[in-house]
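Colleague: Mind folding the following:
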Amino acid sequence: MSTATVVPETRGLSGDDAWLTLRRVGRRRLLADAFRRLRVSDGFSHARSLAFMTSLVAVQGVIGVVGLASAIGGSGFSEIVVTVVGRAVPGPAGKALTAGVAQAHANGAAHRYAAVVVGLVGSLVTATTAFGQLERGLNRLYGVEQDRPSLQKYGRALGLALTAGTLAALAFVSLAWGRNLARPIGGGSLSTFWNAVRWPVGLLLAATAITLLFRWCPRRRQPQLSWLAFGAGVSVLGWTAVTLGLALFFHLSRSFGQTYGPLAGLVALMLWALLSAIAMFFGAAVAAQLEAIRGGDPGPQDAEKVVESEPVTESQVKVTASR
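Modeller: Below is the predicted model:
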């Protein structure tokens, strides 16, 4: 896999330096250079790997939640589960993930508790692997060719799964539950207030989670969080656009389900995960390129091609001749 040119570390700079750099270079150029950095570092390949792990986490997580809903035995909680996943994952994908609720109710209690254990533990293991993959992809964006040792890499990934992953899950709940979250607690003014703040709260949680991932995943000394905030915002906006855009597409297009039939849910889930992963890596590329510009990098290039194109000096020629 290719690696982009190394981004110089600018850890000592402040948030004001980040905004001054952004205003100086311009958003259009920054986004264009960030796309080049994403491409030369094989960011789309890393996004595909992350998308697969994300889809697996989604399926395992729903299995665990469905098992929990079935073990509790109340139909109200099961209905909330269906609503949550249906709103958070667009179109046929949401239907595919919630189809197991009725099946879980048809099985015995032992099967339900097994689903809780297998689903939740499996989702934690898969999320840890996914964050390990995220470290690899972010390292290549920043020009870091070597990941951390395996124990450090996946130990850190486990910590991120429990911290940033929890924030992402809370963002998931805030954006997906909507009015159903306030109804069991109380109606009236509480529901009105929650419906007014759930989107800002969810987006803030998502931005915080992504900023923490950008801060702690790469194997380098990252700058202050203010330097990473703009890239995290790009990721959040991209993820929101992907989710709302696919939801609208699946709502308006009936031919999609007719074309793929029973596989429509799986195709929709994988498509949503892929585009969301690309949004994540593009936001990281924006943050990396902003720091690279401040450090004097002329532009993103393939590190291997840069090495191949370096001119041979006279001293190197003499050494080669003497051999």
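Colleague: Please work out which residues outside stretch 234-242 touch it.
Modeller: 31, 203, 206-207, 210, 272, 275-276, 278-280, 282-284, 286 (CB atoms under 8 Å, 6 or more residues apart in numbering). All C-beta atoms are positioned from the backbone trio N, CA, C, and that covers glycine.
Colleague: Please identify the buried residues of the helix ranked longest in the chain?
Modeller: Criterion DSSP state H: the longest helix present in the chain is helix 109-141. Under the neighbour-count criterion of 16 or more other CB atoms under 10 Å, helix 109-141 has 112, 115-116, 119-120, 122-141 buried.
Colleague: hmm, back to that, in PyMOL, how would I select just the buried ones from the contacts of stretch 234-242?
Modeller: To isolate the buried ones among the contacts of stretch 234-242 in PyMOL, judged by 16+ other CB under 10 Å, type:
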select buried, resi 203+206+207+210+272+275+276+278+279+280+282+283+284+286
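Colleague: Tell me which of the contacts of stretch 234-242 fall in strands.
Modeller: Of the contacts of stretch 234-242, none are assigned to strands by DSSP state E.
Colleague: Show me which pair in the contacts of stretch 234-242 is furthest apart.
Modeller: Comparing all pairs in the contacts of stretch 234-242 by CB to CB, the longest separation belongs to 31 and 272, at 22.6 Å.
Colleague: list the helices and strands the longest helix of the chain packs on?
Modeller: Packed against helix 109-141 by the contact rule (3 or more CB pairs under 8 Å, 6 or more residues apart in numbering; DSSP states H and E) you find helix 43-72, helix 100-106, helix 150-162, helix 164-177, helix 189-216, helix 264-294.
Colleague: Need the mean per-residue confidence for the fourth one.
Modeller: Taken as a whole, helix 164-177 has an average pLDDT of 77.
Colleague: and it with helix 43-72, angle?
Modeller: In terms of direction (axes from the mean of the first three to the mean of the last three CA atoms, to 10 degrees), helix 164-177 departs from helix 43-72 by 70 degrees.
Colleague: what angle separates helix 164-177 from helix 189-216?
Modeller: 150 degrees.
Colleague: helices or strands up against helix 164-177?
Modeller: By 3+ CB pairs under 8 Å, 6+ apart, helix 164-177 packs against helix 75-88, helix 109-141, helix 189-216.
Colleague: If you average pLDDT over each of those, which is lowest?
Modeller: Minimum mean pLDDT among these: helix 75-88, a mean of 60.
Colleague: Excluding residues flanking it in the chain, which one is nearest residue 143?
Modeller: residue 6 (3.4 Å; CB to CB, 6 or more residues apart in numbering).
Colleague: The one you found belongs to a strand, doesn't it?
Modeller: No. Secondary structure of residue 6 (DSSP: H, G, I helix; E, B strand; the rest coil): coil, not part of a strand.
Colleague: That one - how many residues pack around it?
Modeller: If you count neighbours by other CB atoms under 10 Å, residue 6 ends up with 16.
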